[in-house]
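Asks: 3D model of this:
(chains A and B)
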There are 2 protein chains.
Amino acid sequence: MIVGAGFGGLEAARGLARAPVRVTLVDRRNHYLFQPLLYQVATATLSPADIAYPIRSILRRQKNADVVLAEVVSIDPDRRQVSLRDGGILSYDTLVVASGARHAYFGHEDWEPRAPGLKNLEDALEIRRRILLAFEEADRETDAGRRQRLLTFAIVGGGPTGVELAGAIAEIADHVLVDDFRHIDPREARVVLIEAGPRILPSYSEKSSENAAAELRRLRVEVRAGEPVTAVDETGLVAGGRHIEAGTVLWAAGVAASRVGSCLGAPVDKNGRVVVEPDLTVPGHPEIFVIGDLALFTHQGGKPLPGVSPVAMQQGRHVARSIRHRLAGRAASPFRYLDKGSMAVVGRSAAIAELLGLKLRGFPAWIAWSMLHIFYLIGFRNRFIVMFEWAWAYVTYQRGARLITGNLEAPRKR
Amino acid sequence: MIVGAGFGGLEAARGLARAPVRVTLVDRRNHYLFQPLLYQVATATLSPADIAYPIRSILRRQKNADVVLAEVVSIDPDRRQVSLRDGGILSYDTLVVASGARHAYFGHEDWEPRAPGLKNLEDALEIRRRILLAFEEADRETDAGRRQRLLTFAIVGGGPTGVELAGAIAEIADHVLVDDFRHIDPREARVVLIEAGPRILPSYSEKSSENAAAELRRLRVEVRAGEPVTAVDETGLVAGGRHIEAGTVLWAAGVAASRVGSCLGAPVDKNGRVVVEPDLTVPGHPEIFVIGDLALFTHQGGKPLPGVSPVAMQQGRHVARSIRHRLAGRAASPFRYLDKGSMAVVGRSAAIAELLGLKLRGFPAWIAWSMLHIFYLIGFRNRFIVMFEWAWAYVTYQRGARLITGNLEAPRKR
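Replies: Okay, here's the model as predicted:
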């Protein structure tokens, strides 16, 4: 049984295609989500269906795989059973827990309504709605102070998601909306990226981090590092001790691992990640593997592996291989992560990449980023449409999915 | 001022592009919606952004046009003002009311949660969610009776929307999902199309109506005409005195005009449509025009014009022309509808069309329908993507947008 059909869970399922096992993949969504492009749904470039793919379709030809649409609420390692939200109970022989993480507010969960995070398609559509609605409200606002507040976007968290959101919002204001309003100039919008640590993109080299900050400033994004956020209120937030008036606050600052990790009787860190053995199993339960964002793997140089898709995918493949080896009577081997590099996009023709020892920036990094993401998308249709949307956005400076949908009421006054 | 940016309102706005007037277009959505393809969002072929386009982008180059995102709740014809949901008040010299219609339950509004209708993108995503979720629930249901109920889809209303939904659901069951489930055969699904009147597609010729019914039966849709629905309950509905067990009930039976029509002091029919003068104005108020689905126009042969997009578009253009003529000191002329024909799609290579005196069916009608709908879409991007999605669906028998999003809880037991 595999819980969670993200990068890790899906690789584990596929890796068992030819093994003499029955695979049950449980997810509370019917679709696999290509999270690295989720910010492009939040910023109106892509549609949800462009970065999501039905899990059943992915595994349609894998006859040993069954897909169950259900939410796992708890795991009983002694009885080898998982409990589902709908009351159902499923049994397993071997369990792979790959249920990922959500954003976290470090004890300030009350900030969430004012500062939504980005983890699933609903989050993305809500953020898209808020960004587009802010310009609409500003266009009708007669008070200059309130108008400036409506046109201020604060993004908390200088990791890849925060950087990508900030760059994309700046481009929307400067290019996409520029001729659309009669009472405001969207270029008056202010985009502020706030990072508590000393620099943005802390997991990258200092050089790449500086390059990203320079690219962001070129797009008129205010980059504020070393300014921890201590309050989020109705009119904005407090960062580094100063109040910033902002109508829209987005949260890209922290993650908390899925709650089911706490059922396994294994030690967890403060973010809820399960401390795993070198072979990705749980101490005392060799039949339970934990992978991806839910796992805390520290056996390689002492530093925990980051919560990124290459780690999850390699771990998923490793677990499938370990299970096949066990069935063949061989011992499981320890997991080793092969770091091929990382990359983040800042905007049009602007990205940073650290690949195979090379540090790229600007257009070459952006092309490398684009090609790699197209390659990892699932399905010809999604690849084709994403390529088309990118080409169209590049040529026309427009965005294909500028819809305000969902809740028709405006959010609380801002 | 134009209220409503549908087919009628948008044509009126564009028709005033070169007139010496200020145009204010008020809509509660930020996007124009190509309603004829809405059922394809509900049945997972297209994404919302493929059939919607930001109103501001459409009018971006029309410098005399301003767009206001707001909901009009009432109109005061004596003061020449409209009131907005957010408390705002706007004044006008000339008013064009084009706020359309919603689905109606003829006094049975309590049926709506069980039998949702299809008028906007949220409706479409909710219907898509219910259709896809029904198969998921059936796959996990062990009771044969409940499983068959979950796999039964009843569509109430044999107009074009009902016919299109029924055909598309049958195709999803027979082709799209066929290899995806391990515990059910989606081909066991039963699709029932229920029409109260003596035949489906009553606004078409008897011959076309028969052809459509034959095409639907070829797709294994049960067509039941002459069976008025008298109850909708937790387990299905009662049609023609008999109970049909159906897990999913969709409503395509009736429309009610937008409520603002009742503010104009003009006579309205039982569906809330405003009875207009031959020049589309309201009696006693030559400065107020009513067009599209909200207008009841009976001056051409005594039969009211149907609530279809060609009527709304021609009326929008006529109103723009009348306003230009008035400004030039000329009298307004009566509206005349030029009926170029109508068409409805049943499924893959299956449609009926009555065009310029010709009655087409099957593949030729389907090609005519496809080309005409691509032509009337707005924007190169949307045309290109819709064409690609259709080609892809045609070749692969797949659907590009098979996502269950929104409310994660299942609807009430069914």
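
Asks: find the nearest non-adjacent residue to the residue of the stretch 301-414 of chain A found nearest chain B, please.
Replies: Closest approach between the stretch 301-414 of chain A and chain B, counting by C-beta to the nearest C-beta: residue A:401, at 3.8 Å. To be clear about C-beta, it is placed using only N, CA and C from the backbone, and glycine gets the same treatment. Counting by C-beta to C-beta, 6 or more residues apart in numbering or on different chains, residue A:401 lies nearest to residue B:49, which is 3.8 Å off, once chain neighbours are set aside.

Asks: gap between that neighbour and residue B:385?
Replies: 8 Å (C-beta to C-beta, to the nearest Å).

Asks: more crowded one of those two?
Replies: Ranked by neighbour count (other C-beta atoms under 10 Å in any protein chain shown), residue B:49 and residue B:385 place residue B:49 first, with 29 against 26.

Asks: gap between that one and residue B:41?
Replies: Residue B:49 is 10 Å from residue B:41, by C-beta to C-beta.

Asks: who in the stretch 151-300 of chain A is up against chain B?
Replies: A:177, A:179-183 (C-beta under 8 Å from any C-beta of the partner chain).

Asks: narrow those residues to those that are buried.
Replies: A:177, A:180-182 (16 or more other C-beta atoms under 10 Å in any protein chain shown).

Asks: would stretch A:140-147 count as contacting chain B?
Replies: Yes - against chain B, stretch A:140-147 shows contacts by C-beta under 8 Å from any C-beta at residue A:140.

Asks: any idea how far that stretch is from the chain center?
Replies: With C-alpha atoms, centre = their mean, to the nearest Å as the basis, stretch A:140-147 stands 34 Å off its chain's centre.

Asks: how about it: buried residues?
Replies: A:140-141, A:146-147.

Asks: name the residues that touch that stretch?
Replies: Here stretch A:140-147 makes contact (C-beta atoms under 8 Å, 6 or more residues apart in numbering or on different chains) with A:138, A:150, A:183-184, A:245, B:68-70, B:88.

Asks: confirm that residue A:25 sits in a strand.
Replies: Yes - counting by DSSP: H, G, I helix; E, B strand; the rest coil, one finds residue A:25 located in a strand.

Asks: and it, what are its bridge partners?
Replies: residue A:2, residue A:67 (DSSP bridges).

Asks: where are the low-confidence patches of chain A?
Replies: A:407-414 (pLDDT under 70).

Asks: please parse it into its domains.
Replies: A:2-28+A:70-104+A:255-327, A:109-253+A:341-396 (automatic domain parsing).

Asks: let's have these in JSON lines, adding distance to residue B:203.
Replies: Formatted as JSON lines, the domains of chain A follow (distance: least, C-beta to C-beta, whole Å):
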{"stretch": "domain A:2-28+A:70-104+A:255-327", "distance to residue B:203": "44"}
{"stretch": "domain A:109-253+A:341-396", "distance to residue B:203": "35"}
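
Asks: residues contacting the residue lying closest to residue A:220 once chain neighbours are set aside?
Replies: Distances taken as C-beta to C-beta, 6+ apart place residue A:170 nearest to residue A:220, at 5.7 Å, with adjacent residues excluded. By C-beta under 8 Å, 6+ apart, residue A:170 lies in contact with A:189, A:191, A:216, A:219-221, A:347.

Asks: try 10 Å this time
Replies: A:153, A:187, A:189-191, A:193, A:216, A:218-222, A:346-347 (C-beta atoms under 10 Å, 6 or more residues apart in numbering or on different chains).

Asks: drop anything exposed from the residues you listed.
Replies: Of those, these count as buried by 16+ other C-beta under 10 Å: A:153, A:189-191, A:193, A:216, A:219, A:221-222, A:346-347.
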